[in-house]
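1. have a look; sequence and predicted model below, questions after that.
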Amino acid sequence: MSENIHHDDHGHDDHHVNYTKIYLTLLVLFVISVLGPELGIRWVTLITAFGIAIVKARLVVNNFMHLAWEKRIVKWVLATSLILMFLMVAGVAPDVMNHEGNNWENVAAKAEVERGLAYMAGYGGEEEEEGEAEVVVAAGFNAEVSFGQICATCHGAGGAGDGVAGAALDPPPASFTDPAFWETRDRERIKTVIRDGAAAVGGSALMAPWGALYTEEQLDQVTDYVMSFNPGNE
Amino acid sequence: MADTVADVQQHEAHGHVDHHHEQSWVSKYVFSVDHKIIALQYLFTGMFMGIIGGYMAYVFRMQLAFPGISVPGFGQVSPGEYNALITNHGSIMIFWVAMPVLIAAFGNFLIPLMIGADDMVFPRINRLSFQVFFVSSVVLLLSLFVEGGGFGGAWTSYPPLSASGDYNQTELGATLWLLAVALEFVAFLLGGINFITTLMNSRAPGMRAYDIPLVCWMIVIASILFMLSVGPLLAGAVMLLFDQVLNTGFYDPARGGDPILWQHLFWFFGHPEVYVVLLPAIGITVEVMATFARKKIFGYKMVLYTAVATGVLSFFVWAHHQFVAGIDPRMANVFTITTLLISVPIAEMLFVMIATLYGGSITLTTPMLWALSFMAEFLIGGVTGIFLGASGADIYFHDTYFVLAHFHYTFFPIAIIGTFCAFTYWFPKMFGRMMNDTLGKIHFWGTIIPFNFIFIPLFVLGMGGQHRRIYNFQHFPDIAGPEYFQLRQIATIALLVMLAFQLVFFYNVIVSWMKGEKAGKNPWKANTLEWTTESPPPHGNWPVDELPTVYRGPYEYGHPDREEDYWPQNLPG
Amino acid sequence: MAHARPIATTRSATGIPTPRLAVWWILASEVVIFGGLLGAYLMHRLGHPEWAEAASHTQTWIGALNTFVLLTSSFTAVLAHQAAEKGNGKQAAKFLGFTIIGALLFLVIKSYEWTTEILAGYTITANNFWSFYYTAAGLHALHVIAGAIIMGFVAVDAFRGRELHRVEIIGIYWHFVDVVWIFLFPLLYIAK
């Protein structure tokens, strides 16, 4: 590389770079890059914003960081890291940018995009939409479903303590259909155990605390649902 | 270069200040900037973490073979604890054992000694690197004891499970785990820059690129791979941390995020990571083989180029971990091809090893046994990888014990065999005394035989369709045929035997360190520069005016013109 | 404890002084960190056309002002390097001081910008665009803070005429921080 001829090892390089000139050029480019996109034409925006960013970066890297006078190996190292980034994006993009496959679609992502686009189209409608969303969330909670997803794993869907994951536990999971169980339990205790785990009332640590999952209101609903298993309630 | 050797040495003698001033114990061993002490700190921290990782394996293997029993030394394993144990076993063995020992400990110890320098080029950054690493180990261990227990989302930490305490039930544990991993990465970035610049700039006068011992090249190539692959994951880890702590939605599909993005960022690092630890292990093995076969390495440049080729290719195989994650099928084809391609350079390296052994005068010392077993065991790991790399077969094998057995057949040779190989080979240089060879061989056979008894049954289990990460197979009668219980028990008993034999190793280390036979400068009659100084080397490695100058390559064994069968790199003429 | 400098540090087999070689490697690893983050952002951005709405709430003129501040601080950093090469430590320290002032100004403007945005409801959890916005700019701001602190130490040393070669090293790092912003600016502010 011819530029290496002027270079010696100790950084006392004599590059004859006029830093002020480079700086002024950068400022001019910078003004263009801000003003260009104001026109609102898509290709002008792309060229002025990203094209000029590349030119500016080149100017800084070559003249301020003196990469132009650096040994070849440094250029190789930096080029490698840049190329790797492009390849990474190329490998990831088909997944992250695609919301559909041949046999499936990413419903959630598509819904999000559509919701956002609808939101963009109709300004001002935002408050109602958010209101609706909250109603959906509140209505979305169902103690029976939640019991089925979480508690039933061990306690069984019918609350008889016969869930698959509970089979090996010692002590076995409580059966809510057993009248003996209810002799020593009240509503407050059930709620505490769901929230803080059985260990909180001196029971087995295998009954984990689930309080983080529920709001106070939801906790009450789940408690009520568990209470409904009590055969003595009939 | 040769004509400036005298100049350089004169210049060096001027710039040097006496190393032999008195130091307190703390500044000598705890806050030392000496590369050899830092290497030992990394080595012992890594071994300590290795013991913890082994203990975890013991606990969950007991739970798998004898579900529900109270494991001696632990107690009954709950499902949450089981998940935390397997997660942290994986994280510890890769990030806190393989990397610190193979790269940081041996890199620190060997690079300056082998290239004839008196220390790393940034000794204080080196010390900082260990300190950050040490803090990361402490944070990881703490994460096991916080409220909710240790993180249980597997070492790959896929969101959305890892992204929210609502899902994983270990809010604090998951965050601390992530912080520990991020800190560990920072430590290795600091260390890696040190290794790379030291090798590039501080070689002894006369040492050309092809005179550098292969193990140094391998550690440096590994550091470069690590540096170039870990960046996206660091960025991804920050995003995951924000998901956990600030409740952002980077990986939440319902809010426009993408959980698959994390898989890509993770494996873009995660797969090169395999080669980050593999390359140093191969370097160590070739080094040991050349010495004990008394032969020049067959194709030094070939090994070097294939290492570079492996490194480059390793960046283009990552998505083979995601074949069943719903990735674009066209990409699956691409990644199948690149994955199968990468076995070519690795096979080439194994052929180089065989060619090096061919016709050599082989001495079966303990390090040599480890080196030979590396070849044999890694071969099994590599060949089973072909099944998994083909996207069609992977759909069946994905997340079964077959995968688990496959990567243990790669990581065990790398992290355990590689470490023992290097440790037994360089022990005389590190501590100045020879290790007991008989005890070493007992330990070798006591480790290798049970190792195969652990993982061959797991291949069978995997082919039978048994999935990983299942707490208790009794819950899943469909996939847990009773005949498989026996295989699981064989694996667990073999593990117990293997762990028991590690006591022989620790006994051997302590006894040999205390009263082993004095080693002298060059007990193995090897060529590389570290054998030209005292054992253990003093601070500064060589006396100031005797820093070595290099005249030839590192593997000149059995040269016909010489009476002795070795020819040290620093001998003139 | 005063450490003798190892002889290893005085060698230079590549012909590049070791500290400069090291900083180039650090930058290579930084390129992949920012590359990963910005790549992820870019893919999401192109996959979510609706983010344009969120992006239209960024304040272009503040971003532009910050670009100007960083460009200027880069200019003074290179002038400091020029002075250090001539052996003029005091001059170099003065220019580094200007660069530090630029860094502080950048951070002040940034804080003002973020405060107005957060008060307007555009917090980090408002939308994934804002999550990326704060994460990318925040990571960059951390680099500005770290650079300014290190530059302070270098400037003090340079003022006393010591370790003048470090002026170039911190300069290279600083220009890199500038280059990252050159790309962040159009990505976050201009492309609407």
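-> Done, it's in.
2. with only the CA atoms kept, save stretch B:264-282 in CSV.
-> C-alpha atoms of stretch B:264-282 as CSV (Å, rounded to 0.1, in the frame of the first residue of the first chain):
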residue,chain,number,x,y,z
HIS,B,264,-30.7,-15.8,16.4
LEU,B,265,-28.7,-13.4,18.5
PHE,B,266,-27.9,-16.1,21.0
TRP,B,267,-26.8,-18.7,18.5
PHE,B,268,-24.9,-16.2,16.3
PHE,B,269,-22.7,-16.2,19.4
GLY,B,270,-23.5,-19.6,20.7
HIS,B,271,-22.2,-21.6,17.8
PRO,B,272,-18.9,-19.8,17.3
GLU,B,273,-18.6,-20.3,21.1
VAL,B,274,-18.3,-24.0,20.5
TYR,B,275,-15.3,-23.4,18.3
VAL,B,276,-14.0,-20.8,20.8
VAL,B,277,-13.4,-23.6,23.3
LEU,B,278,-12.7,-26.3,20.7
LEU,B,279,-9.7,-24.6,19.0
PRO,B,280,-7.6,-24.2,22.2
ALA,B,281,-8.3,-27.8,23.1
ILE,B,282,-7.1,-28.9,19.6
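3. identify the residues contacting B:Gly148.
-> Listed by Cβ atoms under 8 Å, 6 or more residues apart in numbering or on different chains, the contact partners of B:Gly148 are B:Gly165, B:Gln169, B:Thr170, B:Glu171, B:Leu172, B:Gly173. Any C-beta I mention is one placed from the backbone N, CA and C, and that applies to glycine too.
4. quick one: which of those is most hemmed in?
-> Greatest neighbour count in the contacts of B:Gly148, by other Cβ atoms under 10 Å in any protein chain shown, goes to B:Gly173: 27 neighbours.
5. now the helices: where do they sit in chain A?
-> Using DSSP state H, the helices of chain A run over A:19-35, A:42-46, A:52-59, A:72-96, A:107-121, A:126-140, A:143-146, A:152-155, A:179-183, A:187-196, A:216-227.
6. which residue ranges make up each domain of chain A?
-> A:2-96, A:107-140, A:143-233 (automatic domain parsing).
7. lowest average pLDDT across those?
-> Lowest mean pLDDT within the domains of chain A: domain A:107-140, at a mean of 58.
8. now do the longest helix anywhere in chain B against helix A:72-96, angle only.
-> Of all the segments of type helix in chain B, defined by DSSP H, the longest one is helix B:259-293. Note on geometry: by axes from the mean of the first three to the mean of the last three Cα atoms, to 10 degrees, helix B:259-293 and helix A:72-96 are set 140 degrees apart in direction.
9. surely B:Gly432 is in contact with B:Ser535?
-> Yes - between B:Gly432 and B:Ser535 there is a contact under Cβ atoms under 8 Å: 4.4 Å.
10. pull up the residues of the stretch 51-200 of chain B that are close to chain A.
-> Proximity of the stretch 51-200 of chain B to chain A (Cβ under 8 Å from any Cβ of the partner chain) is limited to residues B:Pro67, B:Gly68, B:Gln76, B:Ser78, B:Pro79, B:Gly80, B:Gly165, B:Asp166, B:Gln169, B:Glu171.
11. hmm, 7 Å instead?
-> Counting by Cβ under 7 Å from any Cβ of the partner chain, the stretch 51-200 of chain B comes close to chain A at B:Pro67, B:Gly68, B:Ser78, B:Gly165, B:Asp166, B:Gln169.
12. does chain C sit close to whichever helix or strand comes after the longest helix of chain B?
-> Remark: after helix B:259-293, the chain's next helix or strand is helix B:300-314, criterion DSSP states H and E. No - judged by Cβ under 7 Å from any Cβ, helix B:300-314 stays clear of chain C, getting no closer than 14.2 Å.
13. the longest helix of chain B to helix B:300-314, inter-axis angle?
-> Using the same axes, to 10 degrees: helix B:259-293 against helix B:300-314 is 170 degrees.
14. not counting residues beside it along the chain, what's closest to C:Met43?
-> A:Val96 (4.5 Å; Cβ to Cβ, 6 or more residues apart in numbering or on different chains).
15. in chain C, which spans are helices?
-> Using DSSP H, the helices of chain C run over residues C:18-47, C:51-55, C:60-85, C:89-119, C:128-159, C:165-185.
16. weakest of the ones you listed by average pLDDT?
-> Among the helices of chain C, helix C:51-55 carries the lowest mean pLDDT (a mean of 85).
17. return the set of buried residues in that one.
-> Neighbour-count burial for helix C:51-55, counted by 16 or more other Cβ atoms under 10 Å in any protein chain shown, picks out C:Trp51, C:Glu53, C:Ala54, C:Ala55.
18. nearest to chain A among those?
-> Sorting those by how near they are to chain A, with Cβ to the nearest Cβ, puts C:Glu53 at the top with 4.6 Å.
19. now the helices of chain A in a markdown table, with mean neighbour count?
-> As requested, these are exported to a markdown table (neighbours: other Cβ atoms under 10 Å in any protein chain shown):
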| stretch | mean neighbour count |
| --- | --- |
| helix A:19-35 | 16 |
| helix A:42-46 | 13 |
| helix A:52-59 | 18 |
| helix A:72-96 | 17 |
| helix A:107-121 | 15 |
| helix A:126-140 | 9 |
| helix A:143-146 | 15 |
| helix A:152-155 | 20 |
| helix A:179-183 | 12 |
| helix A:187-196 | 17 |
| helix A:216-227 | 16 |
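20. pipe the ones you listed into a markdown table and attach distance to B:Phe402 per row.
-> Shown next, in a markdown table, are those (distance: least, Cβ to Cβ, whole Å):
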| stretch | distance to B:Phe402 |
| --- | --- |
| helix A:19-35 | 54 |
| helix A:42-46 | 49 |
| helix A:52-59 | 47 |
| helix A:72-96 | 25 |
| helix A:107-121 | 32 |
| helix A:126-140 | 40 |
| helix A:143-146 | 36 |
| helix A:152-155 | 27 |
| helix A:179-183 | 44 |
| helix A:187-196 | 40 |
| helix A:216-227 | 40 |
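21. show me what residue of chain C gets nearest to chain A.
-> C:Glu50 (2.7 Å).
22. which non-adjacent residue is nearest that residue?
-> Here the residue nearest C:Glu50, using Cβ to Cβ, 6+ apart, is A:Gly116, at 2.7 Å.
23. next, see if stretch C:53-73 gets close to chain A.
-> Yes - judged by Cβ under 7 Å from any Cβ, stretch C:53-73 and chain A are in contact via C:Glu53, C:Ala64, C:Thr67, C:Phe68, C:Leu71.
24. get me the contact residues on chain B for chain A.
-> Within chain B, the residues that sit near chain A (Cβ under 7 Å from any Cβ) are B:67-68, B:78, B:165-166, B:169, B:228, B:232, B:253-256, B:258, B:260-261, B:264, B:268, B:315, B:319, B:326-331, B:472, B:474-475.
25. now the buried members of those.
-> B:67, B:78, B:165, B:169, B:228, B:232, B:253, B:255-256, B:258, B:260-261, B:264, B:268, B:315, B:319, B:327-328, B:331, B:472, B:475.
26. take those and keep only those in helices.
-> Per DSSP H, these map to helices at B:Gly165, B:Leu228, B:Pro232, B:Ile260, B:Leu261, B:His264, B:Phe268, B:Met331.
27. want to try JSON lines for those residues, with pLDDT as columns?
-> Converted to JSON lines, those look like this (pLDDT from 0 to 100):
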{"residue": "B:Gly165", "pLDDT": "86"}
{"residue": "B:Leu228", "pLDDT": "94"}
{"residue": "B:Pro232", "pLDDT": "94"}
{"residue": "B:Ile260", "pLDDT": "90"}
{"residue": "B:Leu261", "pLDDT": "92"}
{"residue": "B:His264", "pLDDT": "94"}
{"residue": "B:Phe268", "pLDDT": "95"}
{"residue": "B:Met331", "pLDDT": "86"}
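28. just to revisit the earlier point, who wins on neighbours among the residues of stretch C:53-73 next to chain A?
-> Counting by other Cβ under 10 Å, top hit in these: C:Thr67 with 25 neighbours.
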